[in-house]
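Student: sequence first, then the predicted structure, then my questions.
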Amino acid sequence: MEPLPNDEDRRDIAASLDGDERSFARLVARYEGTVASQMWRFSRDESELESLTQEVFVEAYFSLPGYKAKAPFLHWLRRIATRVGYRFWKHQARERDRRQTLDTCRADFETSTKPKVPSEAGERLFGMLELLPPKDRLVLTLLYFEELDTREIGERLGWSRSLVKVRAFRARKKLKTMLEDEGLGGIGYARSTT
Amino acid sequence: MHDLLHELDQLAALARREAAPEIDVLGGVLHDIRVREGDFGSPVMVLVIGAALAAGVIMAFSIPLYQSLTDPLGPLFQMTQNIPL
């Protein structure tokens, strides 16, 4: 069973519900770094990152009466963040030119070797996952970037564990096929070890 | 075949160590909340509510008027019903 929200959060949530702005400001200050880290997996544009993070807290504020305090506040916040990020991707997917994404990904592979620092790796992985449809991309983002297991992903998305397993398996296979079809069969790790 | 997925796992392990840029959204969040909470008291909302009320009043008067226009002899027949034969 998940632990309940801590006393500090509980006090600030209760006061926020009574309309105390300073209490909600404390909750924002406490969690904005964590939420921003999560939203960085949804967009690598700093201005988008800011507006997505902002949207998470605004949505949290207006959903606060529905928070049941059966799990830590951060878990609840993370679920909202996932919803906001997914909505952003769906909106973006309607406007995005798939071919352009693939070309950008190809350029990344051709110009760079094995990523050496986390930001390069993050950029590369983000670009690869961007090739997938939003639902597949979401499962692999939670799996790869947040290192959640299938049970945790299921809880976050409201899916069954078996659905997460099937979706993750298919998404990985799809990604691999796409990369191989485009002749992007390696990331650099295998080459560097031989 | 297996290698690519294994490489992806390695890439992800490194990517997870990346820190997001530092941002400060507190001001924006509080501003958005105030704007949305103040929606009902904003001049635009007052105008919208006023217009809706006015439309309701006009509808209440115009429906009987419209009915009498589509059936101009209706009131005459109603009057004749009261004449004792």
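Tutor: Right, received. Where do you want to start? Residues are numbered from 1 along each chain as shown, chains lettered A, B, ... in the order given.
Student: now residue 12, nearest residue through space, not along the chain?
Tutor: I went with chain A, as the question did not name one. Sequence neighbours aside, residue A:23 is the residue nearest to residue A:12 in space, at 4.2 Å (criterion: C-beta to C-beta, 6 or more residues apart in numbering or on different chains). (Each C-beta comes from the backbone N, C-alpha and C, glycine too.)
Student: not quite, go with chain B.
Tutor: In space, and not counting its chain neighbours, residue B:12 is closest to residue A:144: 3.7 Å by C-beta to C-beta, 6+ apart.
Student: before we move on, what about residue A:29?
Tutor: Closest residue in space to residue A:29, ignoring its immediate chain neighbours: residue B:26 at 6.2 Å, by C-beta to C-beta, 6+ apart.
Student: so what pLDDT did the one you found get?
Tutor: Predicted confidence (pLDDT) at residue B:26: the value is 95.
Student: same check on residue A:44?
Tutor: pLDDT, residue A:44: 94.
Student: how close does residue B:3 sit to residue A:175?
Tutor: 14 Å (C-beta to C-beta, to the nearest Å).
Student: helices or strands up against the longest helix seen in chain B?
Tutor: Ranked by residue count and defined by DSSP state H, the top helix of chain B is helix B:43-70. Applying 3 or more C-beta pairs under 8 Å, 6 or more residues apart in numbering or on different chains; DSSP states H and E, one finds that helix B:43-70 makes contact with helix B:74-81.
Student: pLDDT on the helix it packs on, on average?
Tutor: Confidence for helix B:74-81, expressed as mean pLDDT, is 74.
Student: residue ranges with poor pLDDT in chain B?
Tutor: B:1-2, B:39-45, B:85 (pLDDT under 70).
Student: with that, I have no additional questions.
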